Each structure stands twice: as C-alpha cells, then as structure tokens.
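J.: Need a 3D model of the following:
(chains A and B, ligands or ions: 2)
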Amino acid sequence: MKNSFRIFSLLIGLVLFLSWTVSSQPRETSIDKIKKRGYLLWGSDAEGGAPYVFPSPEDPSRLIGFEVDLAEAVAKELGVKARQSQNAWDSLIPALKRGDFDIVLNGVEITPQRNEEVLFSVPYYIYTEQLVVRKEETAIRDINDLKGKKAGTLSGAVAQDILEGLGGVDVRIYSGQVEPYEDLAFGRLDAVLLDLPIAAYYAKPNPKLKYAGPPAGEGFYGIAIRKEDTGLKKTVDEILGKLLRSGELKKIHEKWGLWNETQEKLFLTVEESAGPVIIEESKKAPLHTFFPMLLKGAGITIFISVVSMALAVTLGLVLTIARLYGRPPFSSTATAYIEIYRGTPLLIQLYILYYGLPNIGISLSPVAAAFLGLGMNYAAYEAEIYRAGIMSVPKGQMEAASSLGMTQPQALRRIILPQALRIATPGITNDFIALFKDSSLVSVIAMVELTKTYSILAATTLRFFELGLIVAFLYFAMSYPLSLLARRLENKLKGPGR
Amino acid sequence: MIQVRNLHKYYGEQQLFKGIDLDVQKGEVVVLIGPSGSGKSTFLRCINGLEYFQEGEIHVDGIELHSIERVKPGRKDLEAIRSIRLKVGMVFQQFNLFPHMTVLGNIIEAPVKVLGLGKNPAVENALALLKRINLEGKVNCYPGELSGGEQQRVAIARALAMKPEAMLFDEPTSSLDPETVGEVLSVIKGLVDEGMTTLIATHEMGFAREAADRVVVFDKGDIVETGPPEEIFTSPKVERTKTFLGRILKI
Ligand SMILES: Nc1ncnc2c1ncn2[C@@H]1O[C@H](COP(=O)(O)OP(=O)(O)O)[C@@H](O)[C@H]1O
Ligand SMILES: [Mg+2]
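T.: Numbering: from 1, shown residues only, chains lettered A, B, ... in the order given. Ligands and ions are numbered 1, 2, ... in the order given. Purely as a prediction, here's the structure:
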C-alpha cells in the first residue's frame, strides 16, 4: 500500500509540474502583454542559417542576421527588447498558432495557404528563386530543363511548390539549407532551387557551383502573426512602414548584401551604404568558444533524459502490473498502450503531443512535451522489460508466498518484484543509454538540446567535422558511465552471492 | 480436521480426479504414495488452494472450499483459501525459498506481513525454530549459500513460523542429495512426534513405515488403497499397489 501511494503521489506531482509548465508559457499576445513582459518573442530557426538568423561565427552564443536586425528594429519601435525563440523552420507556423511566440520573422513566404492560417504584415523583403547547378553543368539553363532531373529544395518553401508544379522533376526535400548545396556539389543532385538570399550565401561562394539563369518568380517575406492578433498586425505594419520611409530597413538589407533592383518596388529611398558583411576565414572563432553552448545543450539533454527515464520506469511498472494482474479493462488498456507505443515512431508521437494536442485545447510547453513524449514511449519498453523479469521469476515463488498466506499484492511487492527488478536492471540501464541518444529527437519540438545545438552551429560555420567529434565525445562521455554501470549490474547478477 | 469429498479435477480436457475422498483426523500422519504422475502433488495443492477443482468440496477445520468452475476464483473463495492457508503450512519439493532474503528474512516475512507480528517476537520465534533445525549459524546466510538439505529445513521452519495446525509436504526430499535426505526426514519426524497433523507425499518407504498412521496409494488420479503401513507394505490387497511397491522396493 505504502509503495503504491508513493507512486501515486509521484504521478500527482508530475501532473502538477506539467500543468505548471503548461501555464507558465506566454499565451495571449496583445501589445500590452508584450510591453508588460518587456520583450518581443520572435520565432525563427537559427539552423536555417545565413543571412537570415544564425550564430555569429566570431561568437557562436550570439545570433546575427538581417532578420535579427529587423526584429530588433521592430522591437525598439515597440519600446521593448527582442528575444529570439528557437523553433524548427518547418513548424514555425504551428508553433506560432499554439502560442510559443508573438511573431514569426524567418523568411516565411507569403502564400495563399499560409494566409489561411495566419496574418501577414506588409512585406519586408522581395525574394526571388535562384536555380543553382554544378559549375560544369551545361544541360540545365533554367527550371524548364529540370524534367527527369534531381532537384533539391527546402521543406515547406515556395520553391518546393514551384518544383513540384513542374511535373516530372525528382524533387528532394531538405530541412536545412546547407545540405542541398552540399549534395549538389557531391553530385547527388542535379540542381537546387531556393530563395536568392540563401543562394547568395551558400552557393555563390562555392567554386563548384554556379547560378543557372536569372532569378525567377518574385514573392514576399512577411512577418507572420496569429489570426486573432489584428491589433499587433496593425502596429507591425505601421512600424515596417516607418522603417521603410526612414530608410532603416534598406540599411539593414544593404548591410547583409541583400539589396537588389527588385527591392525598388518595396523601398522608395535608395542611398549608398557599406558593403555586405563578409565572414573572413581568419575571423573564425576558436573551438573553445563553442563549449558554453554545447555544454548547455548537453545539460538539457541530461535533464530531459533523466526526467523522461524517471517517468518511463514508473509508468512502465504501472503498465506491467496492470497488464499481468489487472482486471479486464485495465489489463487490455495496458496491453494496447504498450503495443501502440512500441508500434509507432517516437517522432510521430512527439509531433502529435506537441503540434496535435493544441487542436483539442491541450498546449504543452516544449519541456513538458519532450519528457512526456520520451517518457511515455520508453514506458512501453520498460513495461516489457519488467514483464520479462516477472516471467523469469520461478512460479514456485508466488506459490510459496501464497501458501504462507500473503495476498497477491503483498507477494508481488515483497517477493516477485524485488527479484524481477534485479533481473530487469541491466535492460533498463541499456534503455537509458538508448534514451540518451533518442533525446535528440526532441529538437523537432523546439528543444535546443545537444544535437540541435550542434546542427545550428555546424550549419552556419560548416565545421561539421570538428564540432561533430566534440558532440560525439560529449554523448559518449555521458553514456559510457551508464554502460559501465549496466555491465557491473549484469556481472553482479551472474555472480553467486547477492 | 481435513475432509476431501468427491473431488473432481480436470487439466483442460484431461480428467485427473474422478471423485476421490479422504479424511484426515487431528494429529494423524497420512503418507501419500504412488507412481509419478498419479496425482499426489495435485491433491495436496488442491487442499492448499494452489489448484482449483471443478467438482466436490474440501473442509479444513470448518472452513469450506467449494469447487471453482471459473478460471478466477471469486472473493468468497479467495477468503476461504486464505483462511485455509493460515491453518495449513506447505513445503515444496523445490524448497521455493526467497533468494533475495536471508534465512531470517525468509522466516519472519510472513509472520510480520501476514500475521502482523512485531519484528522482535518474530525474530525470537525464528531463532528458536532455527535452533530446533540446527541452523542457528546460518541466520544471515542467503539461500544460495546453503545446501539443499539446509534449504529444505529452512523452508520447513518458514512454514512453522506461521504456527500452522497441519502441514502438507510434497516430496520434500526428492530433490536432495542422498546424504542430506536424513536430516530433513528427522526434522519432519520430530514434528510428527509432537503430534502435528501431517499429509506427506514421498517415495521414502522407510519413513512411511516408521511415521505413518495411514498410507494412501494413488494411481492414475485414483486412491486405489488405504490402510496402516504394516498392512499396505506386507499384504497389499490391490494389484496396482503390488506392482508399484514391487517396482519401488526393488531399487
Ligand atoms: N499444470 C498442469 N497442466 C496439465 N496437466 C498437469 C498439470 N500438472 C499436473 N498435470 C498432470 O496431472 C497428473 C498428476 O500430476 P501430479 O499431481 O504432479 O502427480 P504426482 O505428484 O503424483 O507425480 C499428471 O499426469 C500430470 O501430467
Ligand atoms: Mg509430485
């Protein structure tokens, strides 16, 4: 009884903690709310990279980019500070809708579909699509030559619609903007179609690549705002108009080398300005400057893993007991839970928890969704490990306990479980190691843990190798002690004494 | 003290008991013999509620246990089974000591958790029992550190710690090395001499001859013969008893 009470109060505590994390995130977005809070929360993906939003190569803990400058300018007009909120680019709009931040400012093209979902400010940039091919390519001169070819682009970008609209093109979708150009250079792709600012930063400097034809298809980047925040949209429009008239917006674009004739349509004043920011090789940050961010990511990884595992081992035990000893509705529910959670990808479970549940009014914070997602998934596996442990306790143990007059719960708690847990411990430790690595999946729900930190840093600095080794080492340093522990526990089990 | 009436037992479609009866008086020592698979274990396990039966009834000291048709017994059946278990101790062929507990832990577990006995009197009682089976030195050992004979003696002490009114032994010496059989039988003999009501399934004919008030012969789920040991061993009436004894005494 005492134990089940402890488990029960643990679960209650968990629920309270969850509701706390749920309610502690910003929800209503009015200008008053932003002003009271003192900062404008703007969503973007630093992994998207230059020139939009990316970690400064000189000081990776600081974000730079033309949208960082723009966000700061907008915030300044509002009389507040700007605070960036990291979120995967694919899911910026759903995250905005569920209230994770006030606005999205991250190269989001204004499209009819998106207009159904959110409000858009007046445009702050006119983008064009640039086709890029390998230097030696002669067959592809514009997008009409792409039939039967492999063309890469960014998931959810307008270029994706253009490519798919052509028909007969083998469209490859990427989630980062570095990878398509890398694959193009390696010969895995024949062409890449992406917004010009991206091409200008990632393709133009690459000697293996070249532009194919002039930019095509104009479109607008706008600031996305939740449908109900009409007041905020009006204010943002006014601010953008003001920045436009004062020439400040243009200055930002020129600073980042994004100025071109097309923008004339947006801006009325044209003035001379300094050239674009160019990252010099010699100004590369020394490796140690990355450590604070990587260590912070590692800390988050550890935190998520430990809390998730605690949930998994507790819930797993409840599931096993219900499955093996519960009466019909409980036992079949537990069995169904285990089968469903083991039979569906963790990634899908995370998406449903984080982006799906808000549709029925449950909005979890990223932390809560991360450890609920991991914990509930792993609970299914832990339940099976416990079950194997319980099954391997000889039948005579339960019989002996029963014949002494112990009730089934007493026998379970005092006789069966202690033996089963001992058998299950190495398996559980191994699962903990697996969970450590699986925790990288939560980056899809806006948690910037170790892997996400790595991909953000690597995408902009292109130092995949050095940073990759460091990150791999960090993971190893975290999981190896667990492996040692697992092995020691296994040996202890094998040994004669106890 | 124990009455078994018209006991029917099926394992799935297979019928083992086709209505058998047995009465055991208080203080009586009944030895069950018979070939392997004849139903001795199942019979003892039915009395202890470890097996359900489909027809008939079992009375233990006024507690009635009726046939359980369902796979899972109801609340009333469970109550009856538990009351019977508190009166009747059981010792298994495989000892079934709790390997994660010390000898002392094994013995005091049920008195403390089931009877609600205080820890101190439970330990005192356990130490007295250990003295009686000559294992005071092993109080803090784990079962894995004991010989088979020692483990079985601890299992007997564990059952006795519940102060039962009757004891069931299911081939208590069959998994032991020959040289440790004696020490276990002498502990049981001691109990019997004190007047403990005892039902024991065994192949130890010497023990049966010496200790039994009555021998019951099982064959193919049937009680084929019952009588005092001298009668059964010297002049068995039934052919099946003769065959069985002939086979076992030759060895
Ligand atoms: N769990 C079971 N399922 C099916 N048949 C069983 C089971 N337990 C025992 N039996 C059968 O019941 C018969 C009697 O077994 P048992 O009581 O163990 O005999 P004994 O103890 O005299 O050797 C045997 O034929 C055996 O195969
Ligand atoms: Mg048997």
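
J.: Three-state assignment for residue B:9, please.
T.: In the three-state summary, residue B:9 is assigned as strand, counting by DSSP: H, G, I helix; E, B strand; the rest coil.

J.: if I pick it, what's in contact with it?
T.: Applying Cβ atoms under 8 Å, 6 or more residues apart in numbering or on different chains to residue B:9 gives the contacts B:15-17, B:39, B:42, B:46, B:51, B:53-54, B:221. Any C-beta I mention is one placed from the backbone N, CA and C, and that applies to glycine too.

J.: among the residues you listed, who's most crowded?
T.: With neighbours defined as other Cβ atoms under 10 Å in any protein chain shown, the most crowded of those is residue B:53; it has 26 neighbours.

J.: isn't residue A:346 right next to residue A:439, touching?
T.: No: in this structure, residue A:346 sits apart from residue A:439 without contact. The criterion is Cβ atoms under 8 Å, and the distance is 10.2 Å.

J.: Residue of the stretch 101-250 of chain B closest to chain A, please.
T.: Per Cβ to the nearest Cβ, the residue of the stretch 101-250 of chain B with the smallest distance to chain A is residue B:110, at 3.8 Å.

J.: From the structure, what's the count of residues near the residue nearest to that residue when sequence neighbours are not counted?
T.: Using Cβ to Cβ, 6 or more residues apart in numbering or on different chains and skipping the chain neighbours, the partner closest in space to residue B:110 is residue A:404 (3.8 Å). Here the count is done by other Cβ under 10 Å, and residue A:404 has 27 residues near it.

J.: Surely residue A:404 is in contact with residue B:158?
T.: Yes: taking Cβ under 8 Å as the definition, residue A:404 is a contact partner of residue B:158 at 7.1 Å.

J.: got any residues that touch both of the two?
T.: B:109-110.

J.: what's near enough to touch the residue nearest to residue B:110?
T.: B:85, B:109-110, B:114, B:158-159, B:162.

J.: can you list those in a markdown table and add secondary structure?
T.: Formatted as a markdown table, the entries for those read as follows, by three-state DSSP:
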| residue | secondary structure |
| --- | --- |
| B:85 | helix |
| B:109 | helix |
| B:110 | helix |
| B:114 | coil |
| B:158 | helix |
| B:159 | helix |
| B:162 | coil |
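
J.: What about these, which one has the most neighbours?
T.: Using other Cβ under 10 Å as the contact criterion, the top neighbour count among the contacts of residue A:404 goes to residue B:158, which has 28 neighbours.

J.: My guess is that one contacts residue B:97. True?
T.: Yes: judged on Cβ under 8 Å, residue B:158 makes contact with residue B:97 at a distance of 7.3 Å.

J.: residues shared between the contacts of those two?
T.: In terms of Cβ under 8 Å, 6+ apart, residue B:158 and residue B:97 are both contacted by the residues residue B:106.

J.: And the closest residue in space to residue A:424 that isn't next to it in sequence, which helix or strand is it part of?
T.: Of all residues beyond its chain neighbours, the one nearest residue A:424 is residue A:389 (3.7 Å), with distances taken as Cβ to Cβ, 6+ apart. Here residue A:389, judged by DSSP states H and E, is contained in helix A:366-391.

J.: Pull out the buried residues from that helix.
T.: Using 16 or more other Cβ atoms under 10 Å in any protein chain shown as the test for burial, helix A:366-391 gives A:366-387, A:389-390.

J.: Next, the contact list for residue 160, please.
T.: Let's take chain A. Residue A:160 touches A:153-154, A:171, A:173, counting by Cβ under 8 Å, 6+ apart.

J.: that's the other chain; I wanted chain B
T.: With contacts defined as Cβ under 8 Å, 6+ apart, the neighbours of residue B:160 are B:89, B:129, B:167, B:191.

J.: mind putting those residues in CSV, distance to residue A:205 included?
T.: As requested, the contacts of residue B:160 are exported to CSV (distance: Cβ to Cβ, whole Å):
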residue, distance to residue A:205
B:89, 86
B:129, 87
B:167, 90
B:191, 93
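
J.: Residue B:137: neighbouring residues, count only.
T.: Using other Cβ under 10 Å, residue B:137 is surrounded by 9 other residues.

J.: ditto for residue B:231
T.: For residue B:231, the neighbour count with other Cβ under 10 Å is 14.

J.: do residue A:193 as well
T.: 28.

J.: and it, helix, strand or coil?
T.: Here residue A:193 takes the strand state, with states given by three-state DSSP.

J.: Determine the three-state secondary structure at the residue lying closest to it once chain neighbours are set aside.
T.: Counting by Cβ to Cβ, 6+ apart, the nearest residue to residue A:193 once its immediate chain neighbours are dropped is residue A:159, at 4.4 Å. Assigned with three-state DSSP, residue A:159 falls in the helix class.

J.: what about residue A:159, distance to chain B?
T.: Here the criterion is Cβ to the nearest Cβ, to the nearest Å. By it, residue A:159 lies 64 Å from chain B.

J.: Tell me if residue A:47 really is in a helix.
T.: No: when classified by three-state DSSP, residue A:47 is found to be coil rather than part of a helix.

J.: Contact partners for the closest residue to it other than its chain neighbours?
T.: Using Cβ to Cβ, 6+ apart and skipping residues adjacent in sequence, the residue nearest residue A:47 is residue A:456, 4.6 Å away. Contacts were defined as Cβ under 8 Å, 6+ apart; by that measure residue A:456 touches A:46-47, A:54-55, A:86, A:448.
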